[in-house]
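**Q** One predicted model, sequence on top.
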Amino acid sequence: MKLVTFTHNQQSRVGAVVGDTVVDSQGCPDIPTTMIGFLKAGHAALTAMQRQINSISPRLGLHEVKLEAPVPRPGKYMGISLNYADHIAETGRDKPEYPSFFTKQSSCVIGHGSAIHRPRVSDKLDYEGELAFVIGKQCRHVPVTEAHQAIAGFTIANDVSVRDWQMRSPTMTIGKSFDTCGPLGPWLVTADEISDPHQLAIKTWVDDDLRQQANTRQMIFNCYEMVAYLSQAMTLEPGDVIATGTPAGVGVKMQPRGYLRPGQTVRIEIEGIGQLSNPVIDEPMVHNLY
């Protein structure tokens, strides 16, 4: 099942993509309107959504809706650094002994088609194509052998990074968390649809230039090891997002540098999931006090 959070007529809710249509859950009391609520409802929500798919319930064309990030405001959004050997080689760093995680603030998250802003304070805007997974069950101290049960599904992440701000702090948080630096989508593919998340081709283009090409089998720490490791320290909750690292080919390591410029489009494709595409624009000149 391909689950989406979408907006239609200024109302956002959860649906399912079938072909080029969205199965609308509006008016179905058994389907929560938010993805976190949907995931917390578990099997009951999935069953209700399958009934909607099988019925003659209303459908909307994909062109009629705005796809939001599958989880627009995750409770936790964490990324792992240095998780592909070729990326480690291009950075000149040592292979980590343990998984090394950082936090992206949830306010950075945007969906498929939304614009990435090149910030006013930096021109060192970079892309990182990644597989991401979403937690579906609250869990703590999960063994690796059971960790797959905690994962609701998989999506595509662009771990957009403002490189000079990233280096200002050892945690990297600010440089990873600028507004619009967290594209996710286009949808959440439920775990039962992905037979092996560690055998998926991943590619990243900037316009027509193929910048990254790898396979998730090259990850040093796999998805289940990440769940087990993180759950030793913290309770993982439905809707938490974990991005699994990027392969070689990031802009900062190109000669000359391949930083993103307004007018370009970043497109990331992962086998079995689809494509996440976002244009790049200059940050709008708006000053707001809410």
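**A** All right, it came through fine. Residues are numbered from 1 along each chain as shown.

**Q** what residue ranges in the stretch 151-290 of the chain are flagged as low confidence?
**A** Low-confidence segments of the stretch 151-290 of the chain, defined by pLDDT under 70: 290.

**Q** Packing partners of the lengthiest helix in the chain?
**A** Longest helix in the chain by number of residues, with DSSP state H as the criterion: helix 43-54. Helices and strands touching helix 43-54, by 3 or more C-beta pairs under 8 Å, 6 or more residues apart in numbering; DSSP states H and E, are strand 11-18, strand 21-24, helix 35-41. C-beta: built from backbone N, CA, C; applies to glycine.

**Q** can you give me the helices for the stretch 51-200 of the chain?
**A** Remark: helices assigned in the stretch 51-200 of the chain by DSSP state H, counting those that start in this stretch are 85-91, 163-166, 173-176.

**Q** Save those as a markdown table, and put in distance to Arg73 too.
**A** Shown next, in a markdown table, are the helices of the stretch 51-200 of the chain (distance: least, C-beta to C-beta, whole Å):
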| stretch | distance to Arg73 |
| --- | --- |
| helix 85-91 | 28 |
| helix 163-166 | 22 |
| helix 173-176 | 16 |
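
**Q** quick one: which of these is nearest Trp205?
**A** Judged by C-beta to C-beta, the one of these that comes nearest to Trp205 is helix 85-91, at 17.4 Å.

**Q** contacts for the closest one?
**A** With contact meaning C-beta atoms under 8 Å, 6 or more residues apart in numbering, helix 85-91 is reached by 82, 94-95, 214, 218, 220, 245-250, 253.

**Q** Gly239 contacts Ile135, correct?
**A** Yes: taking C-beta atoms under 8 Å as the definition, Gly239 is a contact partner of Ile135 at 6.8 Å.

**Q** who touches both of these two?
**A** Counting by C-beta under 8 Å, 6+ apart, the contacts common to Gly239 and Ile135 are Leu39.
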